[in-house]
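Visitor: I would like the atomic coordinates for the input below:
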Amino acid sequence: RKWLNFTLLGAHYPEIIQDETSVSPDRYVQLRQLAVTRWDSKVRAAAVATYHNPQTDDILFRLQTEITACRLTIPADRPLHVDVGLQQALMDLFNSYHPLWLTLAFEVVLGIRLVESLTDVLRPSSSKLPRFLKRTILERIVQDPAFNLKTRSPTTLAQLKATTLLRCLMVVYFLDQAHVRRHV
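Guide: Model (predicted):
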């Protein structure tokens, strides 16, 4: 075996042998890691299946129609991207959900991965919203990076309000559907 390793690795073989660390005292660390990874994949796949179905597409289309027709709006007198009190009210609303559910909802609705492993948010350390979720709400829901807020044109602000409202409603809809279907 050493001969084969030396043949394949050449002169670097002694360096590699010296750099090897001892085997972990816990023999099942890799097995646990695999189980956690499989659980994460299973939960995320169930979340995506819950969100991406014809019923959700119909709801999304109807919401977009109502928002475009201005029958469903955020009040114009309090711009969400500026009003800290309204942002805090939104944070309090989202704080009523479990961080695991909220993380899955943001990952599915926004299409981005927020945490490497869902076990990080499985047991929250406090009743407060985790910092990465607060940052996600502020950066991806309230102030979407796709909009240039420096121009502050009325059309840009109207689009930002519509996008914010749509995303908030879709997050709440997803959380409701995930709870009903018991996927999470």
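Visitor: ok, which stretches of this structure are helices?
Guide: 2-9, 13-19, 29-51, 54-68, 84-95, 99-110, 131-136, 154-181 (DSSP state H).
Visitor: Isn't L129 up against F94?
Guide: Yes - between L129 and F94 there is a contact under C-beta atoms under 8 Å: 6.6 Å. (C-beta placed from N, C-alpha, C; glycine too.)
Visitor: Centroid-nearest residue for this structure?
Guide: By C-alpha atoms, centre = their mean, the chain has its centre lying nearest to E107, at 2.9 Å.
Visitor: so who does it touch?
Guide: 44, 47, 113-114 (C-beta atoms under 8 Å, 6 or more residues apart in numbering).
Visitor: Output the lowest mean pLDDT helix or strand found in this protein.
Guide: Ranked by mean pLDDT, DSSP states H and E, the weakest helix or strand in the chain is helix 2-9, scoring a mean of 51.
Visitor: picking that back up, for ChimeraX, write the select line for the buried members of the contacts of E107.
Guide: If you want just the buried ones from these in ChimeraX, going by 16 or more other C-beta atoms under 10 Å, the selection is:
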select :47,114
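Visitor: now the helices of the chain in JSON lines, with distance to D144?
Guide: JSON lines is the format used below for those (distance: least, C-beta to C-beta, whole Å):
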{"stretch": "helix 2-9", "distance to D144": "50"}
{"stretch": "helix 13-19", "distance to D144": "46"}
{"stretch": "helix 29-51", "distance to D144": "19"}
{"stretch": "helix 54-68", "distance to D144": "14"}
{"stretch": "helix 84-95", "distance to D144": "14"}
{"stretch": "helix 99-110", "distance to D144": "10"}
{"stretch": "helix 131-136", "distance to D144": "12"}
{"stretch": "helix 154-181", "distance to D144": "6"}
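Visitor: just those: most buried one?
Guide: Highest mean neighbour count of these: helix 99-110, a mean of 22 (counted as mean count of other C-beta atoms under 10 Å).
Visitor: roughly how far out does that helix sit from the chain middle?
Guide: Computed by C-alpha atoms, centre = their mean, to the nearest Å, the separation of helix 99-110 from the middle of its chain amounts to 4 Å.
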